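K.L.:
any chance you can model this:
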Amino acid sequence: DAVDAGELSLDEELIVSHRAASQPPVKLGLKKGQKIRVHDAVQALAVKSSNDVALVLAERIGGSEAKFAYMMTKKARGLGMDSTTYRNASGLPDPWQVTTARDQAKLGDHLLRTHAQHYHYFGQETFRWKGRTLRNHNNLLGSVDGVDGFKTGYTDASGYNLAISAQRNGRRIVAVVLGGASGASRDRHMAKLIDRSFK
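P.N.:
This next block holds a predicted model:
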């Protein structure tokens, strides 16, 4: 939203705060005072789920993580995501941060409808940063017919999660699996769900 509204440029360089640099893994390993372009930050989020990068962007857009979480929750309500409350920028554990598969599907559908020009970030299989090649956690990209984007997620409380979009024969679906016992079982369940949906 901020990029499309002209409030943020993909070429803008963001400065990493001490708080952002000290986020727990998974992270890119940013240091306090380091700079990262918005374009690289978005890739780090979409491909690597980098908690430090999530906070860098949150602080730039919202001024603070708490304000950004409030902004995200307000946006969610506007999209009809009535069972979702955000408490931080990254999805790190918080007992008051909750969502549902239905709400995440609504978010995916909204992204496809209103920000299709940025959807390609969620289909990148790799991301290059400081000489390293980082691989996407979404194992269904390139392995299940039609899957072309979205995100994985994991916390101890929520289990293994995945939201995808896939297209076959001109028809597109958004599918969400929450609470997988393992990454592999989540992926198997999602692959079956995709096939069943297209049939």
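K.L.:
which residues are in contact with the helix ranked longest in the chain?
P.N.:
The single longest helix within the chain, with elements called by DSSP state H, is helix 183-198. Helix 183-198 is contacted from outside by 137, 139-140, 144, 146-147, 152, 154, 159-162, 164, 166, 168-169, 171, 173, 175, 177, 180, using C-beta atoms under 8 Å, 6 or more residues apart in numbering. Yep, even glycine has a C-beta here, placed from its N, CA and C like the rest.
K.L.:
what residues sit buried inside stretch 1-12?
P.N.:
In terms of neighbour count (16 or more other C-beta atoms under 10 Å), stretch 1-12 has its buried residues at Val3, Leu8.
K.L.:
and that stretch, how far from the chain's centre?
P.N.:
For stretch 1-12, the separation from the chain centroid amounts to 17 Å (computed by C-alpha atoms, centre = their mean, to the nearest Å).
K.L.:
could you work out the end-to-end span of that stretch for me?
P.N.:
Start and end residues of stretch 1-12 are separated by 15 Å (C-alpha to C-alpha, to the nearest Å).
K.L.:
any quick PyMOL command for the buried ones out of the contacts of helix 183-198?
P.N.:
The PyMOL command for the buried members of the contacts of helix 183-198 (criterion: 16+ other C-beta under 10 Å) is given here:
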select buried, resi 137+139+140+144+146+147+152+154+159+160+161+162+164+166+173+175+177+180
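K.L.:
all the helices of this protein, in order from the start?
P.N.:
Using DSSP H, helices in the chain cover 18-21, 38-48, 51-62, 65-78, 101-114, 183-198.
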